[in-house]
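Let me see the structure of the following:
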Amino acid sequence: MREVCPEFYTRFACKASACRHSCCRGWEIDVDGESAALYGALPGTLGEELRAALVEDSAGFHFRLDAEKRCPFLRPDGLCRLILSLGEDALCDICALHPRFFGELGDFTFAGLGLSCERVCELLLEDEAPLRFLCGGEALTLAELLARLGVPVEEERLRFAPPRDAASLAAMLARYGKTEPIDEAWQEEVALLEKSLPALVPAEAAAPRFDRILAYILFRQLPRLADTPAERLFAFAQEAAQFVCLRAAQSGDLAEALRRWSEQIEYDTDNVDILLRDL
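Numbers count the residues shown, from 1 in each chain. Predicted coordinates:
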């Protein structure tokens, strides 16, 4: 297998207490069986707390979140008690791997970092150069990577097209309105965007960074080439980048607009399926 990853992959490091959107709150934290066994045998007060927080159901194990939907081992300063007490090796798989994701297509393995993590968004947006992907010691553009996957496409086809048509954007927002919302705030955000058209249609956009956004959104979906036409995936990535552009024009915060899009869409494969189906 040949591994492919974005050029900034090895530079990722968790922001820990400096993160505004901790992945240790708001999400159910699944615990793999090996970690559950470790926690079940751990002596002392911390072991007792772990066993009290561990819940087993038909789907496996997970931590019982507190009233604010926070991991019970997340300290007020944003640091993890398990890491501080036991080291990173004591983390369950999902905590150790997040925000990394992996996928396969043919003899390629894709390794990436999810955009629901604010540090990943920062890494992606800190440069305006064309995004490149590392593969077997080579640095490839997205078009070059697609050619290796048997999907030849012109570089220009992968450029971001700034949104200008209010009617087509309204149709896009209607599609996004069909997705399963992660929270009530998401529904309100989409509704506000719909009300704000056409005033929000930006005359210009930071094209180099949006080229990178489009390329990275498409990269995560490349394993779907096994059963999804490439043109549909291209359209999905273009529309996603346009949605982020629209949201950033409204909020003035591109990184947060991108992060918010990711946690709503990328981290719910059903929502990706809904958007792909309607394109």
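
Quickly find the element holding the nearest residue to residue 177 once chain neighbours are set aside.
Closest residue to residue 177 apart from its sequence neighbours, by C-beta to C-beta, 6 or more residues apart in numbering: residue 190 at 5.4 Å. Bear in mind the C-beta positions are built from the backbone N, C-alpha and C, glycine included. Element membership of residue 190 [criterion: DSSP states H and E] is helix 184-196.

so what secondary structure elements neighbour that helix?
Secondary-structure packing of helix 184-196 (3 or more C-beta pairs under 8 Å, 6 or more residues apart in numbering; DSSP states H and E): helix 166-176, helix 230-251, helix 254-264.

Run through who's touching stretch 257-276.
Applying C-beta atoms under 8 Å, 6 or more residues apart in numbering, the contact partners of stretch 257-276 are 21, 114-118, 121, 124-125, 175-176, 178-182, 186, 189, 213, 217, 220-221, 224, 228, 232-233, 236, 239-240, 243-244, 247-248, 251.

Filter those down to the buried ones.
By neighbour count, with 16 or more other C-beta atoms under 10 Å, the contacts of stretch 257-276 hold 21, 114-118, 121, 124-125, 176, 179, 181-182, 186, 189, 213, 217, 220-221, 224, 228, 233, 236, 239-240, 243-244, 247-248 as buried.

what does the average pLDDT come to for the helix holding residue 190?
Averaged across helix 184-196, the pLDDT comes to 88.

Could I get the full set of strands for the protein?
For the chain, applying DSSP state E gives strands covering 2-6, 30-31, 54-57, 60-63, 100-105, 108-113, 133-135, 138-140.

mind checking which of the helices and strands packed on helix 184-196 is nearest residue 100?
Closest to residue 100 of the helices and strands packed on helix 184-196 is helix 254-264 (C-beta to C-beta; 13.7 Å).

Between helix 230-251 and the closest one, find me the angle.
Counting by axes from the mean of the first three to the mean of the last three C-alpha atoms, to 10 degrees, helix 254-264 lies at 130 degrees to helix 230-251.

Can you give the distance of stretch 54-61 from its chain's centre?
Centroid displacement of stretch 54-61 relative to its chain, using C-alpha atoms, centre = their mean, to the nearest Å, is 25 Å.

Endpoints of it, how far apart?
The straight-line separation of the ends of stretch 54-61 (C-alpha to C-alpha, to the nearest Å) is 7 Å.

So what's the model's average confidence on that stretch?
Average pLDDT, stretch 54-61: 88.

any residues touching that stretch, and which ones?
Applying C-beta under 8 Å, 6+ apart, the external contacts of stretch 54-61 come out as 30-33, 35-36, 39-40, 62-64.

Which members of the residues you listed define the maximum pairwise distance?
33 and 64 (17.4 Å).

shaky segments in the stretch 51-200 of the chain?
Applying pLDDT under 70 to the stretch 51-200 of the chain picks out residues 198.

And the nearest residue to residue 74 once chain neighbours are set aside, what's its pLDDT?
Leaving out its chain neighbours, the residue that sits closest to residue 74 by C-beta to C-beta, 6+ apart is residue 24, at 4.2 Å. The model reports residue 24 with a pLDDT of 83.

Thanks a lot, catch you later.
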